[in-house]
Structure formats: structure tokens, C-alpha cells
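**Student:** the sequence isn't on hand, but the structure is:
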């Protein structure tokens, strides 16, 4: 436990320091090699990687459509209903984000438009691991579906003789995903960036992944013109602001539900009451003892701080400086404080709004900027699947009016051909008269 | 001149190939060194670079406020009025892009919100060169001003004993820019990313620049958590689609107004009439002879193609494949074709809508995705100066309903602490009853 006001400003920065993420040169070299092989060999490279890294034999790269169509049969009633509910809530909230074109006459005869275009082909990545992550499919897939993208590719790895889990396939089916690639890692990202015989080429790849996936996304988005990624990746994190009336069991559970994500997760509590912090510490210990992923959570707790602040207002200042991915407010009358929120990925308001609600089913997106990027990046939203472009339509009269602005500016900038493109038209108009 | 249908598909790809942009390892090493020096030495590094690269003595880094305030006096009446008109049109069109927060109850007791937050501190870069670029200040500055950003920094280089041009300062004054940095290049970008004694730290840097500026933006956005840039940079380009009734003088003027930007600019004409192409070629030659920047334009024309297509519909397909930064439609009834437009940065509709109108004064933004990025990136718009985040507020009843979705999903994903954060709250509710 730390008392914020006892720290020097250097110590305060230290207390909010995130665990270092090392993108080693060896990872970069490995990933560059993988990218190059996929570019040269296409599917054959993916098959080699699946055999080598995932210990697979008789590799298939694309899941047959009937396996996707029949995926619901393998699910329990509860899980199918849960995926349905989550899908509906996420869809409802993201549908409300649908953009509208804008049209405005800035000067008589000068019509300007801002138009939205769905990105034509998108790739969604869902990491493997000890358990399937259908929620990650829904968070990305609903947006892709609502955007109307023509091509929606999902890639996810499998190990040994496993198949992609039916929960993943069922979520993919709901989202209208057009191709499911049974292959993961940097190779799958490269395959989506370049296209192979089996894997359609996409314009933008979304989703989390391990350090190889992250490196592949980063390298390809830098070096492959026309290819983009969703946002920079980083370890997951939560910051809880709680007052003296908050329930220490709730606080502990929220901190641990973040800590169980990974050893590099970070959790921070800001509280204005010493006794609540003490009780939270005890609750963490007792809850940890029942947690299957206790080892991971314990390791993550080492990056983490329980901080005593002078006031709730101070807590919001510290939070804004840190810029948490998830911000939980266990406060009396939390609505009163919402205007103090800044630099957070997603905010959970009140004692009965745990982070896991947003992770799965409230309707908000769980793909969020982390590692300080919530100061400048958005939480994933429907507009990430669109691009905007402008259209201008100028009448003869409109160009005449506008010329008094264009010609002096072109002259000042020394761009004579820019001016001439207007002058040649004005001359034509004079001839016409 | 090329006839599209005579080409093999490989030759077609070749005809649309962009000039290679080399980001050499030596530029990367130089820029990394500049970044490191600015990080360590702050202002002192900027002063050293100004002396070394820009041959300046008695370097000042920040323009005094009264010089900004009095900048209008040094301008001609025509130029001041032109800047005023451009500012007003750009402001009107971007004001119309102001985002609205979204609020939706996805389930009874589950309120989800999408909120917009202006990025707190932004940096605008305007390159130097043979002439000042006030339009570049306006395009970035209007957005920053409308967003309500607290800190708006403008950086631009000067050479020798020059000062920043009053046209730049007047545009900055209109846009409410808070600090004008008289320093450019990779050093200025690094100064804005880290902050120095004189230069405020910003979260996001916008604007074009030379290969050192571009490299600095790229490296810092990768390696500095919380720091972002607007979009990938590339040479400027235009694609004109014209029919047999288009005016060859207009077409030539539009192609040349792009070509004069730089030797690496690319211009493409797609036309369904051989005679119009021939006349355009002649018009280019005659217009080139009167052009002060003819050498640059001639060099750029070498990267460029005049292509005969079978039909206007085919032209739109070729354009979509290329993805031009600027797309000009000199067609009869051009509105009929607008639904065929895809992958363009900004579209100029009809014979009297030259690109220079959008470059300066129509109201649309001239910062556009280029080099193939118009397939996936947006033209600069007001939302680039905002970020979105989500807020959820869940009632006791809401959490109960949602738990039937959260618990099976948390179980399927093997995240027990996620489930427990809900269970501990449901237990409390049962105890309360």
C-alpha cells in the first residue's frame, strides 16, 4: 500500500509505471522471416508453420462451411443463449454508432460532402490459448458485419489434433464471417495482409495476439501500403476508484478479474480510506485461494498498487495521468464524477457494474486502448470499420466566388499550376459569355 | 499513352505502380539519433539542429505572441481576405462534423454510452520549402480549434536569418494556436512528442513533412506509448477520369497542378477517347512552357500515364484498384457515377471543380491518404482530433439479467475471476433480500 501524498513526483511516476514490454530484435527477425515466407510461398508456408509451431498434421487451413453452420449443436443451451444475448447487446450498441453522410454548401455553388465507405475486406484475429475466446469474435465480428464489409476473415490458431472450438464458430456464424482460417500467429496475419490461395487478402486486421502477432501487425502496417491495423497492443489493465463505503469483496474481485488475464496485467486501486484498502488486501488473499489461475493473478499483482489518496478528486487526477484501459468507479453517487473522467478506454459506473459485464455482454466493446494509449486512441467502435472521404461539386458561379480565395493562396505558396487550373476555367467562362 | 485492354494483367498492375519510396536505413539511424538527443537535451538539441541544419544563428524557438497578433499587417489585402475565406469555409464544413455522444439501454438496467473526448494536446507540422504553406496550417488548425484541444502547437522550420512567414502566423492566429515553434524537421517532431522547456508535450502530431519528419513520426508513434500520428505519408497523386467532351486544357491544368508538387508526384488520366488524350498531351506541353516549376512537373510526368479505357465504367474499376488521393471527374452528368466511387481521398465533381479548389478553399480537408492508403484510411476530419470511450452503468436488476450471459461465457473462456466478480455481487443481492 502506498500513500500518494507521501511520494515525491518521481515516486508518483514510478508508482504508475507500466511493466516494460520488450519487443526483442529476435522476435522482429523471426517475424520478418515468417512474413517473407508467406509472401513467397502462400498456403505452403502456413502449412509448414502449423506443423512446426502448432504440432499439427494433415493441416487444413479453411474451416468447411457446414462445420460453421452446424456449430450450435455442440454447445450447451446456456452457452448458446449467452452468446446470443451478448451478440444482440453488442449489435444494438454498435448499430447506434452507424455514421451518417454530411452535406453542406459552404459558399453558393460549392457543395461539400463527407461520405462513409465500409472498408472492403477486414481480418479478425482471435488468439488461441487454454480456452476458446468467443467474446473476442463477437466484439470484432459484430462491427464487421454492421459495416457491410464484403470480405470478413477470421483467423485463429489450433494446436495438435484439435479443431477450432464450436463456440468460436457459432459466434463467427452469427457475425456473418465469410472465411474462418484455422491458422494463427504471425503467419496468419501475413496471409491476410498479402492474400494466399486459401486466405482472402484484407485491408485491415483487428484483434489481440501474442508478441509475434503484435509484431507482424506492426511491421506489415508500416511496410505494406494500403494495409492498416486497429490499434497498438499492450497488456491489459484496470484502475478502480473506490470510497470508504465501497465493498472490499467487490473491489478485490474486480482487481483479480483483471489480474487473471496475464502476468503482465496491471491493477491499481485508488481509495481515500485506509481501512477499505486493508480489507481489500485481505479479500484479495482469500479470493486468490479459490482461483484456478491464481499463479497468473499473483504474478500480475506484483506489478500492481493499492494507493491511498487524499480525496476522490485527487484519484481522478491520478487516473487521468495513468490513462487506464478499464476504469471502475465504486463510489457513492458515481454519476457526479463522470465529468472528471478522462483518458480511459471504458468506464464501469457504480458498485454493480463489474468489468466482466463489459468484457462480455453489456454491449460495449472490449477491444480497448491500453498501455497509456487511452490518451489518444479510441475504444474499438463501428467507425473503425469505415473510412471517410470528401466530395466537392462546384458550379461555374461557385468557382468564380472561390477564385478570390484560391488565386492569392496559390500565389503565396508559389504553386502556379494550381492557380492556372482555376484561371483556364475562368477564361473559358469569359469566352462563353 | 496506354490502351488499358491491350495490357496483360501484370502490365496493368505495372501501369498503376507507384514510384518507390525509399526509407533508407541511414535516414532511420539519423532520425533515431535526433530523437535521442532531443529526449536527453531538450531545447539545447533543437538549437544545435537549427544552427547545423538550418544555418541559423541567435536561434529563437518560440514566436512571441505579439508577432502572431500583428501578423495581419504584413499581408496584402487580397491574401488576408483569401486566408479569411478559406478559414471560414473549412471551419463551416468541419463544424458540421462535430460528433454527438450516444446513449442506449441495451437491456433493462444496462445503460451504455459512447462519449467523445477531444485529444488534450495536439501538434501540427507545416513543412518549410521555397514558399510558405498557410493552407496547411488552416487544414490542421481548424480541426484542432473546433475540437477544443487545450494545447495546440504548430512547428515549422525557417532557414538562415528568416522568420516564419506572416501568412503562416496569421493562419495560426485565426486557428487559436497556443504555441508556434520556429523549428522543424525530426527534431521538432521529437520535441512535441517528449516536450521540452519551450515546447509543450502533445499526444498526437499531424501534418506532412520530408523523409526525416515522416521517419520521426513513424518511429515515435511506434515506440512512445500514448503518442500517435495522423496517417502514413506518401507522395501526392491525382487521377482524372474524363470523357470525350471534356476540355483538354482543363485536364492538362489539373494534371500539372498535381505534378508541380514534387518529382515523386504521380498523375494518371483515364479517358475513353483517343483524340481527347492526344489533345491533353499537347495541352500539357504548351502549359509546361509557362510553368515556373516546370522541371519538377516534367520529372513527375515521367511517373505518370495517360490511359485509354473502353468505357467510363472501366475507368472507375481501374481507379478503385489504384485508390487515388485525389479523383477528378470531368464527365457529362458526373453525379450519375458517384456511386461507383470507392477508395479515393477526395473527389472533385464536374468540369468546374479543379483540385486546387479543395487544396485551398472549398471547405474540404486537403490532408488525404495517398500511396494506396485511401483503401483503408480516412481523409483528415474533425474526428481525428477526438477519441471515443465507452461508459456503462448497470443497476442491480440489470446485472442479474446480464449474469445469464456473463457467467457461461466466463466459464467457457476459463476466466473464473471474471465470473466471481459477478457472483460476489449476486450473493450480496441475495443477502440484502
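**Tutor:** Looks like it arrived, so ask away. Only a predicted model underlies this, so the values are computations on that prediction, with no experimental measurement involved.
**Student:** and chain B, is the helix or strand residue A:430 falls within touching that?
**Tutor:** Element membership of residue A:430, judged by DSSP states H and E, is helix A:416-432. Yes: using CB under 8 Å from any CB of the partner chain, we find that helix A:416-432 touches chain B at A:416, A:417, A:418, A:419, A:420, A:421, A:422, A:424, A:425, A:428. Any C-beta I mention is one placed from the backbone N, CA and C, and that applies to glycine too.
**Student:** need these in JSON lines (columns: distance to residue A:78 and neighbour count).
**Tutor:** Formatted as JSON lines, the residues of helix A:416-432 next to chain B follow (distance: CB to CB, whole Å; neighbours: other CB atoms under 10 Å in any protein chain shown):
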{"residue": "A:416", "distance to residue A:78": "72", "neighbour count": "21"}
{"residue": "A:417", "distance to residue A:78": "68", "neighbour count": "27"}
{"residue": "A:418", "distance to residue A:78": "65", "neighbour count": "29"}
{"residue": "A:419", "distance to residue A:78": "70", "neighbour count": "23"}
{"residue": "A:420", "distance to residue A:78": "71", "neighbour count": "25"}
{"residue": "A:421", "distance to residue A:78": "66", "neighbour count": "29"}
{"residue": "A:422", "distance to residue A:78": "67", "neighbour count": "23"}
{"residue": "A:424", "distance to residue A:78": "71", "neighbour count": "18"}
{"residue": "A:425", "distance to residue A:78": "68", "neighbour count": "25"}
{"residue": "A:428", "distance to residue A:78": "72", "neighbour count": "16"}
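**Student:** among those, which one lies nearest to residue A:352?
**Tutor:** For residue A:352, the closest of the residues of helix A:416-432 next to chain B turns out to be residue A:418, at 60.2 Å, with distances computed as CB to CB.
**Student:** quick one, grab the pLDDT at that closest one.
**Tutor:** pLDDT recorded at residue A:418 is 96.
**Student:** shouldn't it be in contact with residue A:406?
**Tutor:** Yes: between residue A:418 and residue A:406 there is a contact under CB atoms under 8 Å: 7.5 Å.
**Student:** common neighbours of these two, please.
**Tutor:** Common contacts of residue A:418 and residue A:406 (CB atoms under 8 Å, 6 or more residues apart in numbering or on different chains): B:356, B:359, B:360.
**Student:** what number of residues lie near the residue lying closest to the second one once chain neighbours are set aside?
**Tutor:** Right, residue B:359. Among residues not flanking residue B:359 along the chain, residue B:366 sits closest, at 4.9 Å (CB to CB, 6 or more residues apart in numbering or on different chains). Neighbours of residue B:366 under the rule other CB atoms under 10 Å in any protein chain shown: 26.
**Student:** now residue A:231: closest residue in space, sequence neighbours ignored.
**Tutor:** residue A:377 (4.9 Å).
**Student:** would you map the strands across the stretch 151-300 of chain A?
**Tutor:** Counting by DSSP state E, counting those that start in this stretch, the stretch 151-300 of chain A has strands at residues A:151-156, A:179-182, A:204-206, A:228-229, A:237-242, A:266-271.
**Student:** returning to what we had before: isn't the residue nearest to residue A:231 right up against residue B:387?
**Tutor:** Yes: with contacts counted by CB under 8 Å, residue A:377 reaches residue B:387, the gap being 6.1 Å.
**Student:** intersection of neighbour lists for those two?
**Tutor:** Applying CB under 8 Å, 6+ apart, one finds that residue A:377 and residue B:387 are jointly contacted by residue A:369.
**Student:** circling back to that earlier point, tell me how far the helix holding residue A:430 is from the chain's mean position?
**Tutor:** Helix A:416-432 sits 48 Å away from the centroid of its parent chain (CA atoms, centre = their mean, to the nearest Å).
**Student:** hmm, who's touching the helix or strand encompassing residue A:35?
**Tutor:** Per DSSP H and E, residue A:35 falls inside helix A:25-41. Helix A:25-41 has contacts (CB under 8 Å, 6+ apart) with A:45-46, A:48-49, A:185-187, A:190-191, A:193-194, A:196, A:211-212, A:215-216, A:219-220.
**Student:** please apply the same query to stretch A:5-22.
**Tutor:** The contact list for stretch A:5-22, computed with CB under 8 Å, 6+ apart, reads A:2, A:4, A:234-235, A:237, A:264, A:266, A:268, A:303, A:305, A:307, A:309-310, A:318, A:321-322, A:371-372, B:225.
**Student:** that one: end-to-end distance?
**Tutor:** Taking CA to CA, to the nearest Å, stretch A:5-22 runs 31 Å from one end to the other.
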